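[1] Next one to model:
(one chain, ligands or ions: 1)
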Amino acid sequence: MTALRCAVAAMAMIFLGGAVGEAAEAPATLVRKTVETFDEVAWPPEVWSRAAGATRLSAEVAPDAGGKCLEVEVRFAGKGFEWFAAMPAEPLVIPGDAKAVTMRFRAEDKRYPVILNFRDGWGRTQAGPKKLEWAPPPDAGGKWATATFRVPEDWVRPLTLASIATHNWSAQADARTVRFWIDHLEVETDLRDADPETGLLRTWKPDPQPADPAKAVKQCPKAPLLAVEFSTGQVSNVFSREPPAVALRLRNWKPGTLTGTVTLRVADGDDKPIDRQERPVSVESAVQINLPLKAERFGLYRLQADLALSDGAKRVEKMTFARLPPGRDLSEAEKQASPYGVNVNGGGDRPPVVPFRKAGRVAPAGQGRGQEVRRLALVSRHHAALRPGGRQGASVPDEEHPRAAGQGRQGRRTAGPGPGVDARDRGHRPGVSRDHALGA
Ligand SMILES: [Ca+2]
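    Just a heads-up that it's a prediction; the model follows:
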């Protein structure tokens with residue numbers, strides 16, 4: 001080999017080395033996605049929080065963010081160590097090799113840190129003595145700040161954004177209400193080792209020495225690159241005061257933007273077509289599209305939603321929903337005077353009594369979430385004979401029930417949206433409301 005050839009080969013190697021180095025800095029598989037805008041839904045409080053508090057959406061957003069943000073209010077009792085956390089309404093698993101997390105936040109009092117908690121690919125919130133958390137320093141003047149967390153290389157992927165939290169470690173004797181705000185969470189992750197079909201991380205292996213073998217995670221946490229969800233936000237898809245609507249939520253981890261079409265077909269209880277609508281969709285990171293459903297008469301309906309996206313993904317969702325006339329509000333005395341009751345064991349977050357309540361069975365006031373036994377007064381005989389197909393047994397004269405007047409026995413009257421409905425309330429996730437209140 002001549003000296004010239006050697007020099008050319010060396011230059012080529014330098015050039016290639018540079019190109020490889022650049023590629024390593026920004027591979028095509030590296031994506032940056034907005035995982036939460038806090039424009040639609042507030043993260044609910046974690047039920048095990050030691051301090052009382054609440055979360056809600058607020059309009060006091062960061063200067064470089066839009067819509068709304070998450071406001072967290074915590075009421076510390078001042079009687080020792082307490083903490084409060086809010087968790088994503090749905091699990092937020094980051095597919096691939098998570099590189100960085102960026103958030104906007106604002107805190108009123110530096111003694112109460114704003115902490116982002118993670119769970120690793122082995123389901124742990126702590127690795128040895130080290131907690132998997134990030135607590136960036138807030139702005140000294142109490143203004144909005146933007147902070148980026150470079151995820152340590154030795155954390156086991158895939159990572160999950162578990163919760164946002166604060167505690168009173170530095171002020172345990174202070175009885176105080178503390179507020180902080182979070183907005184626009186962004187994630188940078190490398191999808192090179194994520195399976196394009198399932199999102200599962202190909203490099204994942206189970207923990208060779210789990211602390212508790214019985215609780216050890218046996219499979220790689222699921223992290224689909226495309227998540228599609230249709231939801232009415234109503235228990236058993238029963239609407240009464242709410243205008244019928246379905247929310248389509250899309251989360252896209254794939255590079256770039258996906259576009260496509262969603263087609264909704266509504267049929268009545270006898271499968272007779274009522275309505276067909278088509279809407280374009282586009283999702284770069286995550287989007288929620290609220291789609292009103294044409295269902296003017298009271299009764300049972302069938303919905304088929306077809307989604308087709310530019311990456312070839314297709315999803316079909318079929319659901320049954322019902323529209324019922326809004327029930328009459330009863331006084332406490334009327335409820336207590338009822339000889340009827342319903343016992344429900346283990347109602348949980350989505351008590352099965354809700355659709356019955358909408359059909360006119362009314363719960364006495366003061367019933368709390370998670371209560372094991374609920375007593376319901378069956379006062380409204382109008383709805384007691386409700387049968388599939390939307391037919392109502394109107395055994396009581398209409399004048400005793402003003403809202404039922406003129407409705408007819410077959411529920412044929414066309415009705416507009418029920419009273420007291422706020423358009424902003426549409427499209428909620430089941431069991432998750434815009435404002436969450438816990439504790440005293
Ligand atoms: Ca926002």
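
[2] Does the helix or strand harbouring residue 100 reach the ion?
    Element membership for residue 100, per DSSP states H and E: strand 97-107. No: counting by Cβ under 5 Å from the ion, no contacts exist between strand 97-107 and the ion, the nearest distance being 8.2 Å. For the C-beta atoms, the positions are set from N, CA and C on the backbone; glycine is no exception.

[3] Using CSV, write out the CA atom coordinates for that strand.
    Provided in CSV are the C-alpha atoms of strand 97-107 (Å, rounded to 0.1, in the frame of the first residue of the first chain):
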residue,chain,number,x,y,z
ASP,A,97,-34.3,3.7,26.1
ALA,A,98,-35.6,6.8,27.9
LYS,A,99,-33.0,9.5,27.6
ALA,A,100,-34.5,12.7,29.1
VAL,A,101,-37.6,14.1,30.7
THR,A,102,-38.4,17.8,30.6
MET,A,103,-41.1,19.6,32.6
ARG,A,104,-42.3,23.1,33.3
PHE,A,105,-43.1,23.7,37.0
ARG,A,106,-43.7,26.4,39.6
ALA,A,107,-43.5,26.1,43.3
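
[4] Now the phi/psi pair for the residue of the stretch 151-300 of the chain found nearest the ion, please.
    Residue of the stretch 151-300 of the chain nearest the ion, by Cβ to the ion: residue 183 (4.6 Å). Dihedral angles of residue 183 (phi, psi; degrees, to the nearest 10) stand at phi -150, psi 160.

[5] just checking, it touches residue 38?
    Yes: counting by Cβ atoms under 8 Å, residue 38 is a contact partner of residue 183 at 5.6 Å.

[6] Which neighbours do these two have in common?
    Listed as contacting both residue 183 and residue 38 by Cβ atoms under 8 Å, 6 or more residues apart in numbering are 69, 70.

[7] Those two: which is more packed in?
    Using other Cβ atoms under 10 Å, the more surrounded residue of residue 183 and residue 38 is residue 183, with 26 against 23.

[8] Look up how far residue 62 lies from the residue lying closest to the more buried one once chain neighbours are set aside.
    Nearest non-adjacent residue to residue 183, counting by Cβ to Cβ, 6 or more residues apart in numbering: residue 69, 3.7 Å away. Going from residue 69 to residue 62 by Cβ to Cβ, to the nearest Å gives 7 Å.

[9] who has more neighbours, the two?
    residue 69 (25 against 19).

[10] and that one, what is it in contact with?
    38, 57, 58, 59, 60, 61, 62, 104, 181, 182, 183, 184.

[11] and the strand holding residue 100, what other elements does it pack with?
    strand 145-150, strand 176-190 (3 or more Cβ pairs under 8 Å, 6 or more residues apart in numbering; DSSP states H and E).

[12] quick one, which of the ones you listed is packed in tightest?
    strand 176-190 (a mean of 20; mean count of other Cβ atoms under 10 Å).

[13] Could you give the separation of that strand from the chain centroid?
    Counting by Cα atoms, centre = their mean, to the nearest Å, strand 176-190 is centred 15 Å from the centre of its parent chain.

[14] So what angle separates the directions of that strand and strand 145-150?
    Strand 176-190 and strand 145-150 are oriented at 50 degrees to each other (axes from the mean of the first three to the mean of the last three Cα atoms, to 10 degrees).

[15] Low-confidence ranges, the stretch 1-150 of the chain, go.
    1-26 (pLDDT under 70).

[16] show me where it has helices.
    3-25 (DSSP state H, counting those that start in this stretch).

[17] Contact residues of it facing the ion?
    37, 38, 39, 65, 67.

[18] What values do phi and psi take at residue 332?
    phi -60, psi -40.

[19] again, but for residue 141
    According to degrees, to the nearest 10, residue 141 has phi -90, psi 10.

[20] From residue 181, how far off is it?
    Taken as Cβ to Cβ, the span from residue 141 to residue 181 is 14 Å.

[21] One more: residue 152?
    26 Å.

[22] Repeat that for residue 207.
    36 Å.

[23] Pull the number of nearby residues for the residue of the stretch 51-200 of the chain found nearest the ion.
    When scored by Cβ to the ion, the stretch 51-200 of the chain has residue 67 as its residue closest to the ion, at 4.0 Å. Neighbour count of residue 67, defined by other Cβ under 10 Å: 13.

[24] Would you confirm that it contacts residue 41?
    No: counting by Cβ under 8 Å, residue 67 does not reach residue 41; the two are 11.4 Å apart.

[25] distance of residue 313 from residue 220?
    21 Å.

[26] okay, those two: which has more neighbours?
    residue 220 (22 against 16).

[27] Check the more buried one and give its pLDDT.
    Listed pLDDT for residue 220 reads 96.

[28] residues touching it, list them.
    121, 158, 200, 201, 204.

[29] switch to 10 Å and redo it
    Residues in contact with residue 220 (Cβ atoms under 10 Å, 6 or more residues apart in numbering) are 93, 121-122, 157-158, 194-195, 198-206.

[30] Buried only: go through these for me.
    93, 121, 122, 157, 158, 194, 195, 199, 200, 201, 204 (16 or more other Cβ atoms under 10 Å).

[31] so the fifth one sits in a helix?
    What it means is residue 158. No: the assignment for residue 158, made by DSSP: H, G, I helix; E, B strand; the rest coil, is coil rather than a helix.

[32] Verify the stated contact: it with residue 201.
    Yes: using Cβ atoms under 10 Å, residue 158 makes contact with residue 201 at a distance of 5.2 Å.

[33] and for those two, which residues touch both?
    93, 95, 96, 97, 121, 193, 194, 220, 221, 223.

[34] Report how many residues lie close to the second one.
    What that stands for is residue 95. 28.

[35] wait, isn't it in contact with residue 194?
    Yes: taking contacts as Cβ under 10 Å, residue 95 lies within contact range of residue 194: 4.6 Å.

[36] who touches both of those two?
    31, 157, 158, 200, 201, 223, 224, 225, 253, 254.

[37] Among these, which ones are in strands?
    residue 31 (DSSP state E).

[38] Any residues of the stretch 151-300 of the chain in contact with the ion? List them.
    residue 183.

[39] Can you show me the helices along the stretch 151-300 of the chain?
    Under DSSP H, counting those that start in this stretch, the stretch 151-300 of the chain gives no helices.

[40] So which of the buried ones among the contacts of residue 220 is the closest to residue 282?
    residue 199 (20.7 Å; Cβ to Cβ).

[41] What pLDDT does the model give the closest one?
    93.
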